[in-house]
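I'd like to go over a predicted model; first the sequence, then the structure.
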Amino acid sequence: MLPLNTIRENADTLVRALAKRGLDAQPMIDEVLELDQQRRDVQTRLDATLAEANQLSREIGNLFKTGKAKEAQELKARSGELKELSKELSEALNTAAEALQQALYQLPNAPHDLVPAGSSETDNEVVFQSGETTAAGGEALPHWELAAKYNLIDFELGVKITGAGFPVYKGRGARLQRALISYFLDRNTESGYEEVQVPHLVNEASGYGTGQLPDKEGQMYELRDDKLFLIPTAEVPVTNMLRDVIVERAQLPLRYTAYTPCFRREAGSYGAHVRGLNRLHQFDKVEIVRVEEPANSYQALDEMVAHVKALLESLQLPYRILRLCGGDLGFTSALTYDFEVWSAAQERWLEVSSVSNFEAFQANRLKLRYRDANNKPQLAHTLNGSALALPRILACILEDYQEAEGIRIPDVLVPYTGFDRIG
RNA sequence: GGAGGAAUGGCAGAGUGGUCGAAUGCGGCGGUCUUGAAAACCGUUGAGGGUCAAACCUCCGGGGGUUCGAAUCCCUCUUCCUCCGCCA
């Protein structure tokens, strides 16, 4: 949710920025400004009414104290009127505030200057590409065949237990995934991210805090009896740790890393391109989250990008970095870099990380603030990124590291796996 | 799951119907003193709305009610604590 004062002060800039999403935001902005004005008008009238009522109560109290009960009784009549009026105004205020809130919820974050205009992923900008993208050539097997061949992952078993998109990892496949998790957590921790273990179910307030709610509940699994949601990403519980918090400036930046499973309904996505590990309903991910002063948040974004780069370099996987265009940019993000790794057998790029700066968009919903140089509470900036998403990394390692007689394990992982090849 | 108790400012903790946004202590910040520091003393110190600035309004876990007036009384929800039961 864009902060109201940003909308009031920079309406024109916002409209121009939002145009990059292919959105004509002018009518929405106008509506917000009008609803804001209405809300304030009602608030002003309510305040005046309450002020008079408070004054009157004091007078009545004094009259009673000095034994002038009769005069006090007379004033009660006016008090009753004021009460009636304040009740009406209070309801009007709620209505106005609710309408404003709803309008604000509809507005996506304003894209940063660097975001290219564009309508789909074809308009994303490749900002970096590493070396060779062909590792194994025409003989390469896709990871689902490798997984079957070496008994690493059993997709059918997952179907039996739960359904499609819930694979069972076995033996060295399970061990390799666990190794990756540990490796990523260790590297993140070394870089100053504090490891946290968080709930995998979140309440509604948390869903609103990071922007999954309203409107996107269809993407999450919901436990209706308890009004809880399975997390689609660790971003939700981790960022919501800071909900309703005012952070001292000296404590910034806050840096967290968390490993969690992620649950996504992915309704409507089927077909060959979702085979194997490409798209799952449950997958593992190690996430990094930062809270920053606004002045530092883009430097922080660059650091996070550099960090994820270093992880991929250390695994020696071919990858590229995309700057998402306006049309592909997430609702809550101002600037996002996607990382994609080359899948040698499928001969396509697989997204393994998405690193975003949300600026004050989430903080505004979360009421996450810090004290500025004048000690005044201001909205902080939040950022997060995957470091990294496991299944696709696993898929690319299997495919890109395959040899005639098995699969090699990237050097950095060997201390974690305890073996240096599969097969 | 059963029975009790509690929820107040960064923390601790007063406050049971009227000038209480809230005593006091600790912590924080500023100052006096000091070569410097500590101690001591003085001052200051919640958030949001609103205003050029003020006035003013809201907030004592959430919601509702009683009353001219609620942190204080009533209802309800949530959370926490104690005891019992169950349990990884």
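The structure has been received and is ready for your questions.

alpha carbons only for contacts and neighbour counts from here, please
Will do.

Can you give me the domain assignment for chain A?
The record's domain parsing of chain A by automatic domain parsing lists A:4-106, A:121-422.

Just tell me which of the ones you listed ends up closest to RNA strand B.
domain A:4-106 (3.5 Å; Cα to the nearest atom of the strand).

distance between that closest one and the chain's centre?
Distance of domain A:4-106 from its chain centroid, counting by Cα atoms, centre = their mean, to the nearest Å, is 32 Å.

first to last residue in that domain, what's the distance?
The first residue of domain A:4-106 is 13 Å away from its last residue (Cα to Cα, to the nearest Å).

One more: stretch A:337-352?
Stretch A:337-352 end-to-end distance (Cα to Cα) = 11 Å.

can you list the residues of chain A near RNA strand B?
A:40, A:43-44, A:46-48, A:50-58, A:60-62, A:64, A:76, A:79-80, A:83, A:376-378 (Cα under 7 Å from any atom of the strand).

filter these to the buried ones?
A:Q43, A:L46, A:L50, A:A53, A:L56, A:S57, A:I60, A:S79, A:P377, A:Q378 (16 or more other Cα atoms under 10 Å).

State the distance from the fourth one to A:E88.
Right, A:A53. Distance from A:A53 to A:E88, counting by Cα to Cα: 14 Å.

Could you list every helix and strand in contact with the helix ranked longest in chain A?
Longest helix of chain A, by residue count under DSSP state H: helix A:26-65. With contacts taken as 3 or more Cα pairs under 8 Å, 6 or more residues apart in numbering; DSSP states H and E, helix A:26-65 sits against helix A:4-9, helix A:11-18, helix A:69-106.

Out of those, indicate the one that is most buried.
Among those, the stretch with the highest mean neighbour count (mean count of other Cα atoms under 10 Å) is helix A:11-18, at a mean of 18.

List the contacts of it.
Contact with helix A:11-18 is made by A:I7, A:D24, A:A25, A:Q26, A:I29, A:P108, A:N109, A:A110, A:P111, A:H112, A:D113, A:G326, as judged by Cα atoms under 8 Å, 6 or more residues apart in numbering.

quick check: angle from it to helix A:26-65?
130 degrees (axes from the mean of the first three to the mean of the last three Cα atoms, to 10 degrees).

tell me the SS of A:E340?
strand (DSSP: H, G, I helix; E, B strand; the rest coil).

From what I see, it and A:L350 are in contact.
Yes: using Cα atoms under 8 Å, A:E340 is in contact with A:L350, at 5.0 Å.

quick one on the thing from earlier: which one, of the helices and strands packed on helix A:26-65, ends up nearest to A:L254?
Of all the helices and strands packed on helix A:26-65, helix A:4-9 sits nearest to A:L254, with 24.2 Å by Cα to Cα.

can you pull the contacts of A:L176?
For A:L176, the contacting residues are A:L394, A:T417, by Cα under 8 Å, 6+ apart.

How much space separates it from A:I153?
Counting by Cα to Cα - A:L176 and A:I153 are separated by 11 Å.

for the contacts of helix A:11-18, which one is nearest A:S119?
A:G326 (6.7 Å).

how near is that closest one to A:S333?
10 Å.

Between the two, which has more neighbouring residues?
A:G326 (32 against 24; other Cα atoms under 10 Å).

who touches the nearest residue to the more buried one once chain neighbours are set aside in this structure?
Computed as Cα to Cα, 6 or more residues apart in numbering, the closest residue to A:G326 that is not its neighbour in sequence is A:R21, at 4.2 Å. Listed by Cα under 8 Å, 6+ apart, the contact set of A:R21 reads A:P111, A:A117, A:G118, A:S119, A:C325, A:G326, A:G327, A:D328, A:L329.

Highest neighbour count among these?
A:G326 leads the contacts of A:R21 on contacts (other Cα under 10 Å) with 32 neighbours.

Which element, helix or strand, includes that residue?
In the assignment (DSSP states H and E), A:G326 maps to no helix and no strand.

show me what contacts it?
A:L18, A:K20, A:R21, A:G22, A:P111, A:V115, A:P116, A:A117, A:G118, A:S119.

Determine which two of those are furthest apart.
Using Cα to Cα, the pair of the contacts of A:G326 lying farthest apart is A:P111 and A:S119, separated by 13.2 Å.

A:C396: which of the contacts of A:R21 is nearest?
Checking those against A:C396 by Cα to Cα gives A:D328 as the nearest, at 23.6 Å.

how close does the closest one sit to A:R264?
Per Cα to Cα, A:D328 is found 19 Å from A:R264.

What of A:L230?
Taking Cα to Cα as the measure, A:L230 falls 8 Å from A:R264.

got it, and A:Q362?
Where A:R264 is concerned, A:Q362 sits at a distance of 21 Å (Cα to Cα).

hang on, the earlier thing: so of the domains of chain A, which one's packed in deepest?
Most buried of the domains of chain A by mean neighbour count (mean count of other Cα under 10 Å) is domain A:121-422; its value is a mean of 19.

got a markdown table for the helices and strands packed on helix A:26-65, with mean pLDDT too?
Listed next are the helices and strands packed on helix A:26-65 as a markdown table, based on pLDDT from 0 to 100:
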| stretch | mean pLDDT |
| --- | --- |
| helix A:4-9 | 92 |
| helix A:11-18 | 94 |
| helix A:69-106 | 88 |
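
Of all those, which one is nearest A:A310?
Proximity to A:A310 (Cα to Cα) singles out helix A:11-18 among the helices and strands packed on helix A:26-65, at 31.4 Å.

Just put the contacts of A:G326 in a markdown table and tack on secondary structure and distance to A:L141.
Formatted as a markdown table, the contacts of A:G326 follow (DSSP: H, G, I helix; E, B strand; the rest coil; distance: Cα to Cα, whole Å):
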| residue | secondary structure | distance to A:L141 |
| --- | --- | --- |
| A:L18 | helix | 43 |
| A:K20 | helix | 40 |
| A:R21 | helix | 38 |
| A:G22 | coil | 40 |
| A:P111 | coil | 40 |
| A:V115 | coil | 37 |
| A:P116 | coil | 36 |
| A:A117 | coil | 37 |
| A:G118 | coil | 35 |
| A:S119 | coil | 34 |
